[in-house]
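*Asks:* 3D model of this:
(one chain, ligands or ions: 1)
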Amino acid sequence: MARFALLSRRLLRCRPCMHNARAFATATPSFDNRVKLVEVGPRDGLQNEKMAIPLATKLELIERLAKSGLSTIEAGSFVSPKWVPQMDNSSDILQHLLEHPPASPNPLTFSFLAPNLKGLNNAFTILAQHPTAFATETAPPTKEKPGLEIAVFASATESFSQKNLNCDIATSLARFKEVIQSAKDTHSLRVRAYLSVVLGCPFEGYDVNPHRVAEIATGLLEMGADEIALGDTTGMGTAPRTKELLNCLRAAGIRNEDIAMHFHDTYGQALVNTAVALEHGIRTFDCSVGGLGGCPYSPGATGNVATEDVVYFMETLGMETGVDLDAVADIGQWITGEIGKENASTVGRAVLGARKRARAEGGKADA
Ligand SMILES: CC(C)(COP(=O)([O-])OP(=O)([O-])OC[C@H]1O[C@@H](n2cnc3c(N)ncnc32)[C@H](O)[C@@H]1OP(=O)([O-])[O-])[C@@H](O)C(=O)NCCC(=O)NCCSC(=O)C[C@@](C)(O)CC(=O)[O-]
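*Replies:* Prediction:
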């Protein structure tokens, strides 16, 4: 943590100007200061909402996020509509994104969950209608042709696997092997593999074995997954346990570049844990605009760490996200209003408040 302790001291001396932090980051040659943010709001953020969210609202959300500089967006989920009704229009979303790729400053990649071949084949039905509209692993995404990623989702505990997938871990892994192989063989798609409840389980508590996490993650990578997204589904993770987990994965031979962190903020520890992971060398982080989210099978868990909070936090450390903070603050306020929720992003609210005050002061000065 020495580097972050130093950064914090420098930032305290020089807020809100971030020159010192940037100078530090750029003056350290081995320090990669670019981070990839994966926006999960349209899927993880909305999947638990009980009200039917119109397709047009979901599409507008994705389009606005794309414009803000976020280049990887989790857009839907090919799961059973009996289990997660909110994701029932994921085929329509995929179809729309292929027919009308959103405008964006960057090439985009859209991610969709698929727990089994049934879900994957539902996605393939749409892809078959647009065989040249998406990029594959061999031809990277462009602004005209978005990339696509399939995400499978395993669990680190048997209880959560049963609740979330209605099967034990071994059965789920056998299904994911088929999904990964088919996604790669049929359409050369990138595959992300989530591993949920890695830092605490709603049914088994804090005692999730990090060696078991490493074992399952290794198995998923061996099946061909391109990335393991470590899910602190319950938000029970703490700084020491995040560090212990990442050290355990390192000892098992899993590379930092194969890991993404997916923190929920139930106990307000998500940014602390993010700092630990950043210091460990992880450079991919999931987040959800407005702090939307929650897993239907993780009672009590609140949303993902807010995109606005992560962008601001990263910027204070001199890290580059490529994301426009003002734009995501606006999107967070808009989407939480649309679905009747409070905006859970502290930073988003602060940015909007500061803007309002500046406008009021500007108005007074003009008068
Ligand atoms: C996996 C299943 C389907 C097993 O559910 P099951 O009931 O055991 O499935 P089944 O194979 O017995 O099939 C039952 C019915 O579902 C249909 N079916 C079967 N599969 C599909 C499919 N893919 N799409 C559409 N329909 C499907 C199937 O055709 C059949 O239809 P019926 O004959 O009764 O009409 C179910 O448990 C399920 O959909 N689970 C998903 C739960 C979920 O989406 N959870 C949230 C995502 S994970 C998460 O949020 C955590 C994460 C990723 O964010 C990271 C973190 O924070 O940790």
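
*Asks:* all strands for the stretch 1-150 of the chain, in order.
*Replies:* 36-39, 72-77, 109-113, 147-155 (DSSP state E, counting those that start in this stretch).

*Asks:* Ok, the stretch 201-350 of the chain next?
*Replies:* 227-232, 259-263, 284-287.

*Asks:* check contacts around whichever residue of the stretch 151-300 of the chain sits closest to the ligand.
*Replies:* Going by CB to the nearest ligand atom, the ligand is nearest to Gly231 of the stretch 151-300 of the chain, at 2.4 Å. The C-beta positions use only the backbone N, C-alpha and C, and glycine is treated the same way. For Gly231, the contacting residues are Phe153, Tyr194, Leu195, Ser196, Val197, Val198, His262, His264, by CB atoms under 8 Å, 6 or more residues apart in numbering.

*Asks:* quick one: which of those has the most company?
*Replies:* The most crowded member of those, judged by other CB atoms under 10 Å, is Val198 (33 neighbours).

*Asks:* The closest residue in space to Gly337 that isn't next to it in sequence - how many residues pack around it?
*Replies:* The spatially closest residue to Gly337, leaving aside those adjacent along the chain, is Asn343, at 7.9 Å (CB to CB, 6 or more residues apart in numbering). Residue neighbour count, defined by other CB under 10 Å, stands at 21 for Asn343.

*Asks:* Restricting to C-alpha, output stretch 176-186 in CSV.
*Replies:* Once non-C-alpha atoms are left out, stretch 176-186 reads as follows in CSV (Å, rounded to 0.1, in the frame of the first residue of the first chain):
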residue,chain,number,x,y,z
PHE,A,176,-20.1,-23.5,-18.8
LYS,A,177,-17.5,-25.7,-20.6
GLU,A,178,-20.0,-26.3,-23.4
VAL,A,179,-21.0,-22.6,-23.5
ILE,A,180,-17.4,-21.4,-23.7
GLN,A,181,-16.5,-23.9,-26.4
SER,A,182,-19.5,-23.1,-28.4
ALA,A,183,-19.1,-19.3,-28.1
LYS,A,184,-15.5,-19.7,-29.3
ASP,A,185,-16.0,-22.4,-32.0
THR,A,186,-19.2,-20.9,-33.5
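
*Asks:* Quick check, pLDDT for the residue nearest the centre of the chain.
*Replies:* Nearest to the geometric centre of the chain sits Asp286, at 2.5 Å (CA atoms, centre = their mean). For Asp286, the pLDDT comes out at 98.

*Asks:* Can you name the residues that contact the residue nearest to Gly337?
*Replies:* Here Asn343 is in contact with Gly290, Gly291, Gly332, Gln333, Thr336, Gly337, Arg349 (CB under 8 Å, 6+ apart).

*Asks:* Lovely, talk soon.
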